[in-house]
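Undergrad: 3D model of this:
(one chain, ligands or ions: 1)
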Amino acid sequence: MADAIAAAAAKHPPAEKVKYQYGTAGFRMKADILDSVMTRCGLIAALRSRSLKGRWIGVMITASHNPPEDNGVKLVEPMGNMLAEDWEKLSTQMANLQTPEEVSKFYHETATRLKIDRTAPARVVIARDTRASGARLLACTLEGLKGAGAEYKDFGFLTTPQLHYLVRCFNTEGTHQEYGKPTEVGYYEKMGNAFQRALKGKEAAGSLTVDCANGVGGPKLTQLIKYIPKEALEIIVVNDNVIKPESLNVDCGADYVKTNQRAPPSSKAGPNDRCCSLDGDADRVMYYFKDANNVFHLLDGDRIATLAASFLGDLVRQCGLADSFKIGVVQTAYANGASTQYVERDLGLQVVCTNTGVKYLHHAAEKMDIGVYFEANGHGTIIFSEATLDKIAEYEPRNPGQAQALEVLRACVELINQAVGDALSDMLLVEVILAHKQWSCNEWLATYTDLPNRLLKVKVTDRGLFQATDAERKLVKPEGVQARIDDVVKKVRQGRSFARASGTEDAVRVYAEAATRAEADDLANKVAKIVETAGTLP
Ligand code: G16
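TA: Here you go, the predicted model:
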């Protein structure tokens with residue numbers, strides 16, 4: 001075994017002078033320097049599975065919203081969650097070892113230290129998005145899996161959430177927590193079925209145009225549509241060109257729409273047409289429309305969270321279960337201040353703020369009976385605690401009204417991907433809610449008024465210089481920078497701004513919001529300038 005591990009690592013030496021880091025969503029960088037990382041992630045995935053006595057671990061090869069020349073890899077825990085933090089550290093250590101012998105030694109020493117039975121089975125589910133580099137990186141990963149003697153199932157192209165779904169299905173098969181059939185078709189059947197049950201005869205008003213970022217979400221949504229009756233919802237798929245991988249996320253997709261606060265230039269949507277954009281691996285979704293005056297309006301992750309929280313709150317009340325569960329909302333610093341205020345004041349629900357990265361939001365939501373978590377960028381889902389699920393399953397309604405609401409609630413539980421944020425599942429949930437409320441995007445938008453905001457990306461010499469605290473709302477390093485930011489913020493009406501190093505791109509992100517568009521833009525530019533000056537080494 002020791003030799004097989006060293007032999008696998010020897011095939012792909014690490015790139016020179018590169019520091020690898022398991023970041024916000026795994027390793028993510030230019031695809032041409034990732035080969036060694038992939039092989040080692042294969043080894044780590046096998047070891048992680050052995051540490052859990054052969055439970056299935058997921059490996060997803062994707063760089064999600066990043067440009068086409070990037071790629072990456074994220075590892076998935078047995079219930080479909082993000083990799084445990086101590087294993088992120090082990091992955092980073094493994095990725096930065098220089099020689100094959102060091103890799104083998106690290107593998108064995110880790111196994112000994114953590115008392116992992118090296119003869120235990122190792123089982124891994126693997127999939128990738130549609131990037132051109134994906135096939136090569138898959139081969140590198142398989143070398144690692146084979147080197148460690150792991151059993152694996154390669155599902156080819158999948159969205160990231162589909163991979164998470166499969167991992168959870170494999171690990172819960174035959175148990176009382178059985179999540180679904182562990183096949184791609186099983187995913188579509190579950191979604192299609194739950195969607196129709198949740199609609200309960202209601203129909204979506206008008207069609208929905210879905211921009212698939214020219215990524216894996218395109219062909220997968222086309223499959224899913226076969227399980228959704230056109231009478232219930234007509235879906236128009238655009239930007240689904242996966243034959244041209246260089247077009248992935250270019251001038252389209254959720255990240256483009258959120259950052260630029262405009263529809264993709266290719267959009268042919270007319271006034272009041274309901275549209276949404278997925279990102280490159282379909283784990284984020286962003287809604288938007290142009291009103292009768294051709295003004296663009298964004299309905300982002302904050303809006304999905306507030307819509308879902310209020311709908312679930314109503315449903316739980318209609319079921320007669322209002323006193324049984326507390327619904328909470330988890331956000332990050334990017335959440336618009338108006339959305340936080342709306343949740344706390346109008347919906348009367350608790351809001352928790354965490355670091356960026358769905359793993360942090362997920363953990364915070366796990367502490368709630370019903371935890372609605374969304375990043376403003378459209379990444380999120382809703383999770384129900386074990387006790388909540390049991391109560392919903394066992395509850396006996398006392399009248400027909402309660403029975404009806406309970407049916408919808410149970411269907412929503414099925415529709416919502418509880419493993420991870422899932423653009424397709426979130427999108428269908430939004431459609432269910434709008435259909436029940438008989439709302440267009442206009443009514444949804446009218447629930448509260450966003451503070452004008454701006455998100456900027458600043459290139460610096462070394463983003464590692466920027467260290468944040470307080471849910472990444474304050475910089476502790478470089479010294480003195482936060483005081484300069486505070487200084488400009490306090491001069492702006494309803495001003496709020498922060499800067500933090502991205503964990504997926506080589507940049508520092510700056511967010512600003514203020515009473516007016518001009519003030520928000522001006523504040524963002526000023527803070528970006530402060531960051532640029534502090535981050536540019538002579
Ligand atoms: C990933 C993470 C998200 C995070 C985003 C941006 O999304 O899963 O939680 O918000 O990166 O992170 P950062 O600001 O650190 O670059 P995705 O969709 O790219 O996998």
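
Undergrad: quick one, phi psi at the most centrally placed residue in the chain?
TA: Note on the chain: the residue nearest the mean C-alpha position is residue 379, at 4.0 Å, using CA atoms, centre = their mean. In terms of degrees, to the nearest 10, the main-chain angles of residue 379 are phi -100, psi 120.

Undergrad: didn't it look like it was pressed against residue 284?
TA: Yes: at 4.5 Å, residue 379 counts as touching residue 284 under the criterion of CB atoms under 8 Å. C-betas here are computed from N, CA, C, even on glycine.

Undergrad: show me the common contact partners of those two, please.
TA: Contact criterion CB atoms under 8 Å, 6 or more residues apart in numbering; residues shared by residue 379 and residue 284: 301, 421.

Undergrad: returning to that earlier point: what residues are up against the residue nearest to the centre of the chain?
TA: Contact analysis of residue 379 by CB under 8 Å, 6+ apart lists 283-284, 301, 358, 421.

Undergrad: smallest distance to the ligand belongs to which residue of the stretch 51-200 of the chain?
TA: Residue of the stretch 51-200 of the chain nearest the ligand, by CB to the nearest ligand atom: residue 64 (3.3 Å).

Undergrad: mind telling me what element that residue is part of?
TA: Following DSSP states H and E, one finds residue 64 outside all helices and strands.

Undergrad: report pLDDT for it.
TA: We have a pLDDT of 97 for residue 64.

Undergrad: one more: residue 16?
TA: 94.

Undergrad: and if you look at residue 536?
TA: Listed pLDDT for residue 536 reads 87.

Undergrad: got a list of what it touches?
TA: 460-461.

Undergrad: could you redo the last one with a cut-off of 10 Å?
TA: Shown in contact with residue 536 (CB atoms under 10 Å, 6 or more residues apart in numbering): 458-462.

Undergrad: which one of those residues has the most neighbours?
TA: Among the contacts of residue 536, residue 458 has the most neighbours (other CB atoms under 10 Å), with 23 neighbours.

Undergrad: distance of that residue relative to residue 508?
TA: Using CB to CB, to the nearest Å, we find residue 458 at a distance of 5 Å from residue 508.

Undergrad: which residues do these two both contact?
TA: Common neighbours of residue 458 and residue 508 (CB under 10 Å, 6+ apart) are 466, 499, 501-502, 527-528, 531-532, 534-535.

Undergrad: stretch 12-23: end-to-end distance?
TA: Terminal residues of stretch 12-23 lie 21 Å apart, using CA to CA, to the nearest Å.

Undergrad: now residue 103, nearest residue through space, not along the chain?
TA: residue 9 (3.9 Å; CB to CB, 6 or more residues apart in numbering).

Undergrad: on that earlier part again, where helices are concerned, which of the shared contacts of residue 458 and residue 508 count?
TA: Cross-referencing the shared contacts of residue 458 and residue 508 against helices under DSSP state H gives 527-528, 531-532, 534-535.

Undergrad: for these, pick the one with the most neighbours.
TA: Within those, most neighbours by other CB under 10 Å means residue 531, with 29 neighbours.

Undergrad: any idea how far residue 500 is from that residue?
TA: In this view, residue 531 and residue 500 are 10 Å apart by CB to CB.

Undergrad: once you drop chain neighbours, what's closest to residue 252?
TA: Spatial nearest neighbour of residue 252, chain neighbours left out: residue 264 (4.0 Å); criterion: CB to CB, 6+ apart.

Undergrad: quick one on the thing from earlier: quick check, nearest of the contacts of residue 379 to the ligand?
TA: Nearest to the ligand among those: residue 358, at 4.2 Å, using CB to the nearest ligand atom.

Undergrad: tell me the contacts of that closest one?
TA: Residue 358 neighbours (CB under 10 Å, 6+ apart): 24-25, 81-82, 283-284, 330, 332, 365, 373-375, 379-381, 420-421.
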